[in-house]
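Trainee: Sequence isn't available, so here's the structure alone:
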């Protein structure tokens, strides 16, 4: 799923941007546009949304089922801390997972973007394409990309685990819970994205 | 690895409740039992009877330290306890609990369910934990279904797996919530024999006697032995004594739990 979305993102966003830029001879701006659109904004946000839909939902259902079936009480009765056993690994996994998926999504999108450019016969060599890209990237982009995607993952983990475990529930409440967790996850991600946008502006 | 504090002071009562009020697990404001005065000595086997929805599970959950007493004092081996939090982990591990619906972890196999407490508390590799639990799995007759996921098993085996999980860390006290509920005769018989063996210092427990508390909605299977009986009635905990005292009791609810024909219960009340 991630590869498909990354390929489509590359084709649609990068390919078309580069094609349009080439039409006006604005090759100098290609790197800046790609870094701003893909590396800073769309890549991390899209990876977070996909992780929320693909893994976050499963998280809520799995934990909610355990909660509804009193498995959390069974953990406590065995002296196993549910937060330690159920929440911590999921939050850490989600944090690292969203970061890794963001890098993967961005790399595939950039690659597929050039493929589109190549298919459209735009006079741009791979060397020019990637050197434009490299010259537009700064250490700040790498640092904030890592930080931002990790923040997305962390909060998706927290929101989904919270909704799965926080309150006693019945099995028939799971679908409603999953919808609520997804909505709040999206809101949290957009909010975090806005905070990072302000951070970019201030740096 | 968490060190279990074995009973350094054997004279202390494992369980002692003084004027305890017990709240419902789903609704902490609803009191299911009031003024419970109860003490359990080491090695005793208690059978607490009550009809369904009379607060048996809440009573056992409070005893297990999963819900705090709403009132009164609950002492566990002499230490006043409200709930077994992280700081009381060593105490919690002295107690094994079998839930009425077993509550196995649905995403783990039977063997993984049994070994989970070992892996978590003793930080064992899954293979080492499996070896450590092998004897227990054999003992509880779970060997042939060890690799099966709980949703694919009959409910009777769920309870047995939950018993094995509760015993994995060799507790001093075993609490079982209606263990014979919805079991067929073969499984019920196995449970009765095995609990008696555990109570009489089973070899697997290294000769240690296991203090046992079970709840039930039918006294009949628990007849005989050196068991102590009690009743939950009208939000009260009523100790009954031995089996002989149970069968000689005039209490209608006791007769009900002995499945006495309804006429024999109603007629004396009419007089």
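Mentor: Ah, there it is. Given the structure is predicted, the values throughout are model-derived calculations rather than measurements.

Trainee: avg pLDDT for the helix or strand hosting residue B:240?
Mentor: Using DSSP states H and E, the element containing residue B:240 is strand B:236-241. For strand B:236-241, mean pLDDT rounds to 93.

Trainee: go on, stretch B:51-61?
Mentor: pLDDT averaged over stretch B:51-61 equals 91, rounded to a whole number.

Trainee: Span of that stretch from start to end?
Mentor: 17 Å (Cα to Cα, to the nearest Å).

Trainee: buried ones in that stretch?
Mentor: Of the residues in stretch B:51-61, those with enough neighbours to count as buried (16 or more other Cβ atoms under 10 Å in any protein chain shown) are B:54-61. Using the backbone N, CA and C atoms, a C-beta is placed for each residue, glycine as well.

Trainee: and if you look at stretch B:32-48?
Mentor: Within stretch B:32-48, the residues that qualify as buried by neighbour count (16+ other Cβ under 10 Å) are B:32-34, B:36, B:38, B:40, B:42-48.

Trainee: which residues of the stretch 151-271 of chain B fall in strands?
Mentor: Listed from the start of the chain, the stretch 151-271 of chain B has strands (DSSP state E, counting those that start in this stretch) covering B:173-176, B:211-216, B:228-233, B:236-241.

Trainee: possible to save these as a markdown table with mean neighbour count and distance to residue A:88?
Mentor: As requested, the strands of the stretch 151-271 of chain B are arranged in a markdown table below (neighbours: other Cβ atoms under 10 Å in any protein chain shown; distance: least, Cβ to Cβ, whole Å):
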| stretch | mean neighbour count | distance to residue A:88 |
| --- | --- | --- |
| strand B:173-176 | 23 | 28 |
| strand B:211-216 | 24 | 33 |
| strand B:228-233 | 21 | 39 |
| strand B:236-241 | 16 | 39 |
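
Trainee: now those in TSV, with distance to residue A:82?
Mentor: TSV is the format used below for these (distance: least, Cβ to Cβ, whole Å):
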stretch	distance to residue A:82
strand B:173-176	19
strand B:211-216	24
strand B:228-233	29
strand B:236-241	30
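
Trainee: Any idea which of these gets closest to residue B:86?
Mentor: The stretch from these with the least distance to residue B:86 (Cβ to Cβ) is strand B:173-176; that distance is 19.7 Å.

Trainee: separation between residue B:171 and residue A:194?
Mentor: In this structure, residue B:171 lies at 52 Å from residue A:194, with Cβ to Cβ, to the nearest Å as the measure.

Trainee: Comparing those two, which residue is more hemmed in?
Mentor: residue B:171 (21 against 10; other Cβ atoms under 10 Å in any protein chain shown).

Trainee: Compute the number of surrounding residues for the closest residue in space to the more buried one that isn't next to it in sequence.
Mentor: Take residue B:171 and drop its neighbours on the chain: the residue closest to it by Cβ to Cβ, 6 or more residues apart in numbering or on different chains is residue B:96, 4.0 Å away. Taking other Cβ under 10 Å as the neighbour definition, residue B:96 ends up with a count of 27.

Trainee: Point out the residues in chain A that sit beside chain B.
Mentor: For chain A, the contact set with chain B under Cβ under 8 Å from any Cβ of the partner chain comprises A:62, A:65-66, A:69-71, A:73-81, A:85, A:168.

Trainee: Is there a quick ChimeraX command that grabs whichever of those are buried?
Mentor: When burial is assessed using 16+ other Cβ under 10 Å, the buried subset of the residues of chain A next to chain B is captured in ChimeraX by this command:
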select /A:62,65,66,69,70,71,73,74,75,76,77,78,79,80,85
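
Trainee: quick one: contacts for residue 184?
Mentor: Unless you meant another one, I'm taking chain A. In this structure, residue A:184 makes contact with A:159, A:163, judged by Cβ atoms under 8 Å, 6 or more residues apart in numbering or on different chains.

Trainee: You answered for a different chain; I wanted chain B.
Mentor: So residue B:184 contacts residue B:156 (Cβ under 8 Å, 6+ apart).

Trainee: What does it show for phi and psi?
Mentor: When quoted as degrees, to the nearest 10, the phi and psi of residue B:184 stand at phi -80, psi 170.

Trainee: neighbours around residue 179, how many?
Mentor: Picking chain A for this. Using other Cβ under 10 Å, residue A:179 has 13 other residues around it.

Trainee: Can you look at chain B instead?
Mentor: Around residue B:179 there are 27 residues (other Cβ under 10 Å).

Trainee: Low-confidence ranges, chain A, go.
Mentor: Counting by pLDDT under 70, the ranges of chain A that qualify are A:27.

Trainee: still on that earlier bit, so which of the buried residues of stretch B:51-61 also contact chain A?
Mentor: The subset of these lying close to chain A, counting by Cβ under 8 Å from any Cβ, consists of residue B:61.

Trainee: how about a markdown table for the buried residues of stretch B:51-61, with distance to residue B:190 added?
Mentor: Listed next are the buried residues of stretch B:51-61 as a markdown table, based on distance: Cβ to Cβ, whole Å:
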| residue | distance to residue B:190 |
| --- | --- |
| B:54 | 26 |
| B:55 | 28 |
| B:56 | 22 |
| B:57 | 23 |
| B:58 | 27 |
| B:59 | 25 |
| B:60 | 21 |
| B:61 | 25 |
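
Trainee: Can you tell me which of the buried residues of stretch B:51-61 is nearest chain A?
Mentor: Minimum separation from chain A among the buried residues of stretch B:51-61 (Cβ to the nearest Cβ) is found for residue B:61, which lies at 7.6 Å.

Trainee: Work out for me the element the closest one sits within.
Mentor: In this structure, residue B:61 is located in helix B:56-63 according to DSSP H and E.

Trainee: which parts of the helix or strand following that helix are buried?
Mentor: Next helix or strand after helix B:56-63 toward the C-terminus (DSSP H and E): strand B:71-76. By 16+ other Cβ under 10 Å, the buried positions in strand B:71-76 come out as B:74-76.

Trainee: cool, and stretch A:129-142?
Mentor: Going by neighbour count (16+ other Cβ under 10 Å), the buried part of stretch A:129-142 is A:129, A:132-133, A:136.

Trainee: What segments of the stretch 51-200 of chain B are helices?
Mentor: B:56-63, B:89-92, B:110-122, B:126-139, B:155-167, B:185-199 (DSSP state H, counting those that start in this stretch).

Trainee: so which of those is the most packed in?
Mentor: helix B:56-63 (a mean of 24; mean count of other Cβ atoms under 10 Å in any protein chain shown).

Trainee: Now do the contacts for residue B:17.
Mentor: Neighbour list for residue B:17: B:36-39, B:63, B:69, B:72-75, B:237 [criterion: Cβ under 8 Å, 6+ apart].

Trainee: one more time with 10 Å, if that's ok
Mentor: Listed by Cβ atoms under 10 Å, 6 or more residues apart in numbering or on different chains, the contact set of residue B:17 reads B:33, B:35-40, B:59, B:62-63, B:69, B:72-75, B:237.
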